[in-house]
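Student: structure for the following, please:
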Amino acid sequence: ISITALSDANGRITTSAFNALPVGTTFYAYATLEGYSSQKMAMEILPSLGSSTPQLVIVAPGNRSHREAFITWQTNLDTTSGVVRFRVKGTTSWTNATDHSSHIIQVLNNNNMQEYRAHRVALINLSSNTEYEYQVGNGSVWSPIQTFKTSPFNQDTSMLFIADPQATGAAGYDGMAALINAALTKNPDISLTLLGGDVVEDTNMYAHWQGLNSRLAEQLAKMRFSSASGNHDVIRDYGDPFNWAFTGPNNGTGATLGANYSFIVGNAIVAVIDTETPSSFPAQKEWLINTMNASDRTFKIVLMHRSVYPAFNQDLHIRDWYETMDAANVDLVLSGHDHLYARTAMAANEKVAVGDGPVYVIGGSAGNKFYASTNLENRPWIDVLYEEQNNVYSLIDIVGDELIFTAYALIGG
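Tutor: Numbering: from 1, shown residues only. You can find the predicted model right below:
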């Protein structure tokens, strides 16, 4: 069999000519131009990644975290259908959620480009502050039964904040797992986890996601995660693996490589900003001001990866976001990227007392990578700085009309 196809202006050919070839088939391809030919390159038809059994199951809050949730997972390409069946814990009757979408994800696996299918199902009309059991699958193959709990509404609530696990394999996620377990020991009623980005070292690498799943499968399927998109999550301008794992409601600008959306939890609204798509900054800034000022929630929280007031990096193109935080009346700005812990309160680009302007927190490291502060003489905003090489987690407790933020370093367990 010989097939000839004409490339586009970028030298790229898209063809379905190989769809019928069985796995293991080797074929040869070469390019010709004006009578000259390239060398022949041997290529092999590879199997898709994954299987019909779901893996990397992740629960995320919906627009109203007390009533809605998203569940995502991975399978092989042949598994095109997806359903979540769920029930209130302690009951026996299942409800099927069939608001299903899927997407083919390309990743590198052992230096080969391969694919898997990502699935996403939305759960709606849930009851607040209620524990649910659920399974994901295709109607015949199911994941084990897992549980998650919706947020309370107009009641006291607690959230966990961690940043930058950024690992390549299972062992690299030991720190993140230890932080989650320590936080749950402090407060078993944590409603959900806010993650400051850089979930994996390289979003293109399948092994990195496998490492995350290997170490944190139980927590990911239970805790409900909302993550900002870091530079490693949309590396080389490709964010599909991240966006189809750590998903969110479709209520942002729609103009970003990574995550941009908002949701309410208890008496707070959380807005997630993508700092990795500077071309979208004008749209995101306008969206943030409008979203926060239209909300009736008492506390306004922003989750983003790069820091407006960093202690290590020097992301000058992020600095003027302080104007937007002021205009949006934000109370708390959570970020990562610096792999250390720092905190300050600022208004109009000047240091103020807590309560007189947004409090900016860099969340420390949930992985094995730590940085030390630099150039502090030119960072007058720094108030609290912790740069010991210990993993850090923070609890955000909303109690009545107070937001209490407490950071912990995990030292020797």
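Student: use CA for all of it now, contacts and neighbours both
Tutor: OK.
Student: how about the strands in the stretch 101-250 of the chain?
Tutor: In the stretch 101-250 of the chain, the strands defined using DSSP state E, counting those that start in this stretch lie at 112-123, 131-137, 146-149, 157-162, 192-195, 225-227.
Student: could the ones you listed go into TSV alongside distance to Pro282?
Tutor: Formatted as TSV, those follow (distance: least, Cα to Cα, whole Å):
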stretch	distance to Pro282
strand 112-123	29
strand 131-137	38
strand 146-149	36
strand 157-162	27
strand 192-195	24
strand 225-227	21
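Student: just those strands: most buried one?
Tutor: The highest average neighbour count among these, using mean count of other Cα atoms under 10 Å, belongs to strand 225-227 at a mean of 27.
Student: related to what we said a few turns ago, so for Leu385, which of the strands of the stretch 101-250 of the chain sits nearest?
Tutor: Evaluated with Cα to Cα, the strands of the stretch 101-250 of the chain place strand 157-162 nearest to Leu385, the distance being 16.1 Å.
Student: just checking: what are the partner strands of the closest one?
Tutor: strand 192-195 (parallel), strand 391-399 (antiparallel) (DSSP bridges).
Student: out of those, which is closest to Asn293?
Tutor: Among the strands paired with strand 157-162, the nearest to Asn293 by Cα to Cα is strand 391-399 (19.6 Å).
Student: and the contacts of whichever helix or strand comes after that closest one?
Tutor: The C-terminal neighbour of strand 391-399 among helices and strands, as given by DSSP states H and E, is strand 402-410. Strand 402-410 has contacts (Cα atoms under 8 Å, 6 or more residues apart in numbering) with Leu179, Phe299, Asn390, Asn391, Val392, Tyr393, Ser394, Leu395, Ile396, Asp397, Ile398.
Student: farthest pair in those?
Tutor: The span of the contacts of strand 402-410, defined through Cα to Cα, is set by Phe299 and Asn390 at 29.3 Å.
Student: show me what contacts Tyr309?
Tutor: With Cα under 8 Å, 6+ apart, Tyr309 has these contacts: Arg319, Tyr360, Arg379, Trp381, Ile382.
Student: which of those residues are buried?
Tutor: With burial judged by 16 or more other Cα atoms under 10 Å, the buried subset of the contacts of Tyr309 is Tyr360, Trp381, Ile382.
Student: what strand or helix carries the nearest residue to the last one once chain neighbours are set aside?
Tutor: Taking Cα to Cα, 6 or more residues apart in numbering, and ignoring the residues beside it in sequence, Ile382 has Thr344 as its nearest neighbour in space, at 5.9 Å. Following DSSP H and E, one finds Thr344 within strand 341-347.
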